[in-house]
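S.K.: Can you look at this prediction? I've put the sequence above it.
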Amino acid sequence: MKILTKFLLLIIILPAIVFSSCKKDPVEEERVTDPEFQTLITYMQTNGDDLNNILDGWITTADNIKDNLTSYYVIDIRSADDYGTSHIPGAVNSTLGNVLVEAENSASKPIIVVCYSGQSAGHAVCALRLSGFDDAKVLKWGMSGWGPTWSASWDNSTADIADGHANWVAAPGAVADSKEFDDPDITNTGTGAEILAARVATMLAAGFTPNAVTGNDVLTNPGNYFVNVYWGAADVQLYGHIAGAYRISPLTLSGEQYFGLNPDKPVVTYCWTGQTSSVITAYLDIIGYNAKTLKFGVNSMIYSDLQSGKWATPAADLPTE
């Protein structure tokens, strides 16, 4: 009887063992790479154009340059009318789209790019640095930082719309777990240098506006975007973040952090003021992402709560001509 019982148990258990042994372990899907993208980023890494290098010393202040303006080549990319009304002494007027052409006149002087708020200048400086003008810098706060006469762009843009908002995760925050996504697809062909030059030109021709969104846009529908908060972990814990946001910072090609960016959604980067995020957005646009900068950063969402990175109207006007 015992022998029969063991035999019957064996008949029942054996198929289950065989069936389970035939199951394959889940295979992790490999990232899909794009050959043109890989050609581009390999060239950029070899050429020293990783994002950490582009962001090294990319910004300066009015106080740093006001007493030695002749040492710089100042390019003002505001409208011709506003430039004509008043501008930094010695500055030349250009446009974002023409900034590389104008930069050829710099006679090797360090370039300072001036706009209204310091944001569109970030696009210009990214393009300049990727095009060999390695010491180009943004004037922090733009013309708004030159004095209260010109500060309306910033004075009218600070707000607290995220306070109590359903799509703002309060401190200490809980950013989304990182994932890996495929490469973006780019259609440019040629050498890495050729692809880079073509994509820089395309970004400049399109301008800043198509690459910008407001805090209200993103807070209303955060699920429409891939949101990246370009902060340190301690800052997220102190202030919170937009719901569903990731925290990919630093963001480099060599470190492969770009694996964490979703090429199938608009990638919105936000920072304190919209100035750093403008540079990052231009960079991501150039390498193939549908990139957006959140204008005026968290100054436009949690201004009253900020302990640093906060806009303040200058006390006095600096000279213009």
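M.R.: Structure's in. What do you need?
S.K.: after the helix or strand of the chain with the lowest mean pLDDT, next one along is what?
M.R.: Lowest on mean pLDDT, DSSP states H and E among the helices and strands of the chain sits helix 2-22, with a mean of 39. Remark: after helix 2-22, the chain's next helix or strand is helix 35-46, criterion DSSP states H and E.
S.K.: pLDDT of that next one, averaged?
M.R.: The pLDDT scores in helix 35-46 average 98.
S.K.: Quick check: which helices or strands does that helix pack against?
M.R.: Helices and strands touching helix 35-46, by 3 or more Cβ pairs under 8 Å, 6 or more residues apart in numbering; DSSP states H and E, are helix 192-206. Using the backbone N, CA and C atoms, a C-beta is placed for each residue, glycine as well.
S.K.: contact partners of stretch 187-206?
M.R.: 36, 39-40, 42-44, 46-47, 49, 96-97, 99-100, 123-124, 127, 130-131, 186, 211, 282, 285-288 (Cβ atoms under 8 Å, 6 or more residues apart in numbering).
S.K.: Give me the buried subset of those.
M.R.: By neighbour count, with 16 or more other Cβ atoms under 10 Å, the contacts of stretch 187-206 hold 36, 39-40, 43-44, 49, 96-97, 99-100, 123-124, 127, 130-131, 186, 211, 282, 285-288 as buried.
S.K.: Among those residues, which are located in helices?
M.R.: Residues of the buried ones among the contacts of stretch 187-206 located in helices (DSSP state H): 36, 39-40, 43-44, 99-100, 123-124, 127, 130, 282, 285-286.
S.K.: Tell me the bridge partners for residue 267.
M.R.: Using DSSP bridges, the bridge partners assigned to residue 267 are residue 226, residue 291.
S.K.: so it makes contact with residue 260?
M.R.: No. Using Cβ atoms under 8 Å, residue 267 is not in contact with residue 260, being 10.1 Å away.
S.K.: who has more neighbours, these two?
M.R.: residue 267 (25 against 18; other Cβ atoms under 10 Å).
S.K.: From residue 299, how far out is the more buried one?
M.R.: Here residue 267 is placed at a distance of 21 Å from residue 299 (Cβ to Cβ, to the nearest Å).
S.K.: host element of the closest residue to residue 280 other than its chain neighbours?
M.R.: Distances taken as Cβ to Cβ, 6 or more residues apart in numbering put residue 269 closest to residue 280, at 4.8 Å, once the chain neighbours are dropped. In this assignment (DSSP H and E), residue 269 forms part of strand 267-270.
S.K.: Got the phi and psi for residue 90?
M.R.: Main-chain dihedrals, residue 90, degrees, to the nearest 10: phi 90, psi -10.
S.K.: Before we move on, what's the pLDDT of residue 170?
M.R.: 93.
S.K.: That one: neighbouring residues, count only.
M.R.: That count, for residue 170 with other Cβ under 10 Å as the rule, works out to 13.
S.K.: contacting residues around the residue lying closest to it once chain neighbours are set aside?
M.R.: Nearest residue to residue 170, sequence neighbours excluded (Cβ to Cβ, 6+ apart): residue 240, at 4.6 Å. By Cβ under 8 Å, 6+ apart, residue 240 lies in contact with 168, 169, 170, 171, 172, 173.
S.K.: Buried among these? Make that a PyMOL selection.
M.R.: Those of the contacts of residue 240 that count as buried under 16+ other Cβ under 10 Å are selected in PyMOL with:
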select buried, resi 168+169+173
